[in-house]
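Peer 1: give the three-dimensional model of this entry:
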Amino acid sequence: MALLQMNSISFAYEGSYDNVFDNLSFQADTDWHLGLIGRNGRGKTTLLRILSGELSAQGTIILPLRPALFPFAVPDPTQIAMDTMLSFAPLEPQWRVMAEAYPLGLTDELLSRPYATLSRGEQTKLQLAALFARDDSYPLIDEPTNHLDLEGREMVAEYLAKKRGFLLVSHDRHFLNRCITHTLSLNRSTVTVQRGDYDSWELDLRRKNEAEQARNEQLKKEIVTLQKSARRQADFANKAEKGKFNVHPSEVAAVDRGYVGARAAAMMKRSLATRARIKRDIQEKETLLKDTERIGLLKLKPLEHPKQRLIEVRDASVRYGERTVCDQLSFTVERGECIALAGPNGCGKSSVLKTICSLSNALQGSVSIASGLKISYVPQSTEHLHGELNHFIAQTSADETLFKAILRNMDFGRQQFDKDIAQYSEGQKKKLLLARSLCEKAHLFVWDEPLNYIDVYSRVQLEELLLAFQPTILLVEHDRAFLTRVATRIIHM
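Peer 2: Have a look, this model is predicted:
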């Protein structure tokens, strides 16, 4: 048994005023299929980069195998795909690399093409095959599902389930259930390692949350009682102090002022000691209110369009120049429906959404859009996001208080509001786009892979939102658990 050990790891990015990790410690068997779970911004990607050696942290790391990080940089994307694989596993024979490629559907024809011509999903599979072709490596896999369609996710999950140990970051619950045997959870203030798949971890989390929430409510009541006691002690001390100087005239001759002063001083000392003890008790109890994951409810006020049918596409095609990637596409979007477009990578799903939002003309044919339709669009990419949060909010014309309240409800710490958006994690950037959409008044919400990089807690929030408010929504998404709960229809392209 080979153990991965991280002892007293502390890390902060240069220029940041808060630590990502503070004395983080855990150990895990390198043969485990270990899933890394946590809220956006908790440092999952940072942890992988520290383990890979990309980032330097304080503390001790023991890893008997050579860390191999996914995704890895490809210096020359014009290189033949097979050569790219061989360059990442230079000590392995070609047959060994091919043995990893074939189960992922990577054909000889595909591997003979330049790496840059492969789809993002094909590049994902190629990199994973190269990762596991090396016998000396410990794979550190960071969100491999983001560019995989439903079929691709099933294929990769089946592939990973048969491999040796790895550390995997993913927020796709169905995918995690298919391929992990243990979970490593970055909680609000602790780290836990336990046996089981995602469902086992979620059940355990729910039980812990319920127990801790009940304990927290009791602690809050005890804190209120202690605070009242502290105020009584303060009042008592003040009265004792005043008593030294306010002896009734009729008692002046009989009173020993030295005795009165000594008694008042003793009472003051006891009161201060009691107040100090109460303060320590309050602080001790407040430190126990620490690890409950709160999944708040999001709200939405969709507009209601007078027409029942908002979108109608008939016998349309998706074309890029002379190349047709999808033909004979027909579907409708009725008011109150949640329609998901499904299909393999590269079939034009995003182009359909962009055409409906007047951002592309790749969808050609009969496309009818109800007049006066207000659309709220969430793009797939977050690359354009940078600058100050307040400036971003001002550009959206959204109410700043509402916008920030939505972010807080999606576990944005207040300290994040002062950072440059470029410093946010990919999941936090995606939450900005979703928050903007939730602030907009629209008849139709068009979301392109809204769950990319989004943590599992926020996925549950979005599910509850769509089920509660039932907005009309057209989306592209590959999270099977999400679609099972919210999609009223799936259109296969």
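
Peer 1: next, the residue nearest to Phe469 when sequence neighbours are not counted: phi, psi?
Peer 2: In this structure, Phe469 finds its nearest non-sequential neighbour in Leu300, 4.5 Å apart by CB to CB, 6 or more residues apart in numbering. No exception for glycine: its C-beta is placed from N, CA and C like everyone else's. The phi and psi values for Leu300, taken as degrees, to the nearest 10, are phi -150, psi 140.

Peer 1: separation between Leu300 and Leu432?
Peer 2: Separation of Leu300 from Leu432 (CB to CB, to the nearest Å): 16 Å.

Peer 1: how about Met386: what's its closest non-neighbour residue?
Peer 2: If you look again at residue 386, you'll see it is His, not Met. Leaving aside its sequence neighbours, His386 sits nearest to Ala422 (CB to CB, 6+ apart; 4.4 Å).

Peer 1: which one is Asn177 nearest to, not counting chain neighbours?
Peer 2: Leaving out its chain neighbours, the residue that sits closest to Asn177 by CB to CB, 6+ apart is Asp197, at 4.7 Å.

Peer 1: and for the one you found, the neighbour number?
Peer 2: 18 (other CB atoms under 10 Å).

Peer 1: read off the pLDDT value for it.
Peer 2: Among the per-residue scores, Asp197 holds a pLDDT of 96.

Peer 1: list the contacts of it.
Peer 2: 35, 176-177, 180-181, 183 (CB atoms under 8 Å, 6 or more residues apart in numbering).

Peer 1: what do you get for Thr124?
Peer 2: Contact analysis of Thr124 by CB under 8 Å, 6+ apart lists 71, 144, 147-148, 152, 156.

Peer 1: which one in those residues is the model shakiest on?
Peer 2: Lowest pLDDT of the contacts of Thr124: His147, 88.

Peer 1: just checking, it touches Lys125?
Peer 2: No: shown here, His147 and Lys125 do not form a contact pair, counting by CB atoms under 8 Å, at 9.8 Å.

Peer 1: so for these two, which sits in the more crowded spot?
Peer 2: Using other CB under 10 Å as the criterion, His147 and Lys125 rank with Lys125 on top: 25 against 20.

Peer 1: burial count for the residue lying closest to that one once chain neighbours are set aside?
Peer 2: Using CB to CB, 6+ apart and skipping the chain neighbours, the partner closest in space to Lys125 is Leu104 (4.1 Å). Around Leu104 there are 18 other residues, counting by other CB under 10 Å.

Peer 1: surely Leu104 is in contact with Gln127?
Peer 2: No: taking contacts as CB under 8 Å, Leu104 lies outside contact range of Gln127: 10.1 Å.

Peer 1: let me see the contact set for the residue nearest to Lys125.
Peer 2: 125-126, 128-129, 155-156, 159.

Peer 1: tell me the phi and psi of it?
Peer 2: Dihedral pair for Leu104: phi -100, psi 10, per degrees, to the nearest 10.

Peer 1: cool, the one 10 residues further on as well?
Peer 2: In terms of degrees, to the nearest 10, the main-chain angles of Pro114 are phi -60, psi 140.

Peer 1: can you point out the buried residues in stretch 320-331?
Peer 2: Neighbour-count burial for stretch 320-331 flags 325-326, 329, 331 (criterion: 16 or more other CB atoms under 10 Å).

Peer 1: and what of stretch 18-27?
Peer 2: 20-21, 24, 26.

Peer 1: closest one of those residues to Pro77?
Peer 2: Distance to Pro77 across the buried residues of stretch 18-27 (CB to CB) is lowest for Val20, with 30.8 Å.

Peer 1: strands of the stretch 101-250 of the chain, start to end?
Peer 2: Under the criterion DSSP state E, counting those that start in this stretch, the stretch 101-250 of the chain contains strands at 137-142, 166-169, 182-186, 191-195.

Peer 1: by mean pLDDT, which helix or strand of the protein comes out lowest?
Peer 2: helix 257-287 (a mean of 60; mean pLDDT, DSSP states H and E).

Peer 1: helix, strand, or coil at Ile50?
Peer 2: The three-state label given to Ile50 by DSSP: H, G, I helix; E, B strand; the rest coil is helix.

Peer 1: quick check: it touching Gly59?
Peer 2: No: using CB under 8 Å, Ile50 makes no contact with Gly59, being 9.0 Å away.

Peer 1: where in this protein is pLDDT low?
Peer 2: 1, 216, 219, 223, 226, 230, 233-294 (pLDDT under 70).

Peer 1: okay, now the domains of it?
Peer 2: The chain breaks down by automatic domain parsing into domains covering 3-187, 206-287, 309-492.

Peer 1: closest one to Ile295 among those?
Peer 2: With respect to Ile295, and counting by CB to CB, the nearest of the domains of the chain is domain 309-492 at 5.2 Å.

Peer 1: what about that closest one, how long is it end to end?
Peer 2: Domain 309-492 has an end-to-end distance of 20 Å (CA to CA, to the nearest Å).

Peer 1: for stretch 25-41, same thing?
Peer 2: Distance across stretch 25-41, first residue to last, is 18 Å (CA to CA).

Peer 1: pull out the buried positions in it.
Peer 2: Neighbour-count burial for stretch 25-41, counted by 16+ other CB under 10 Å, picks out 26, 28, 30, 32-41.

Peer 1: off-centre distance for it?
Peer 2: 15 Å (CA atoms, centre = their mean, to the nearest Å).

Peer 1: over to stretch 54-61?
Peer 2: 23 Å.

Peer 1: name the surrounding residues that touch it.
Peer 2: With contact meaning CB under 8 Å, 6+ apart, stretch 54-61 is reached by 5-11, 21, 23-25, 46, 49-51, 69.

Peer 1: ok, how many other residues are close to Ala405?
Peer 2: 17.

Peer 1: what do you get for Gln218?
Peer 2: 12.

Peer 1: got it, and Glu100?
Peer 2: Using other CB under 10 Å, Glu100 has 23 neighbouring residues.

Peer 1: in a helix, it, correct?
Peer 2: Yes: secondary structure of Glu100 (three-state DSSP): part of a helix.

Peer 1: quick one: it from His174, how far?
Peer 2: 23 Å.

Peer 1: in helices, which of the contacts of Asp197 fall?
Peer 2: Mapping the contacts of Asp197 onto helices (DSSP state H) picks out 176-177.

Peer 1: export the contacts of Asp197 to TSV and tack on distance to Asp76?
Peer 2: As requested, these are arranged in TSV below (distance: CB to CB, whole Å):
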residue	distance to Asp76
Gly35	33
Leu176	34
Asn177	37
Ile180	34
Thr181	37
Thr183	37
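
Peer 1: quick one: the helices in the stretch 251-400 of the chain?
Peer 2: Using DSSP state H, counting those that start in this stretch, the helices of the stretch 251-400 of the chain run over 257-287, 349-356, 389-396, 400-409.

Peer 1: show me what the third one is in contact with.
Peer 2: Going back to what we said before, that points to helix 389-396. Outside helix 389-396, the residues that reach it (CB under 8 Å, 6+ apart) are 385, 400, 403-404, 416-419, 421, 432, 436, 439-440.

Peer 1: neighbour-wise, which one of these leads?
Peer 2: The most crowded member of these, judged by other CB under 10 Å, is Leu432 (23 neighbours).

Peer 1: beyond the helix or strand hosting that one, next helix or strand please.
Peer 2: For Leu432, the element it lies in under DSSP states H and E is helix 426-439. Using DSSP H and E, the helix or strand that follows helix 426-439 in sequence is strand 444-448.
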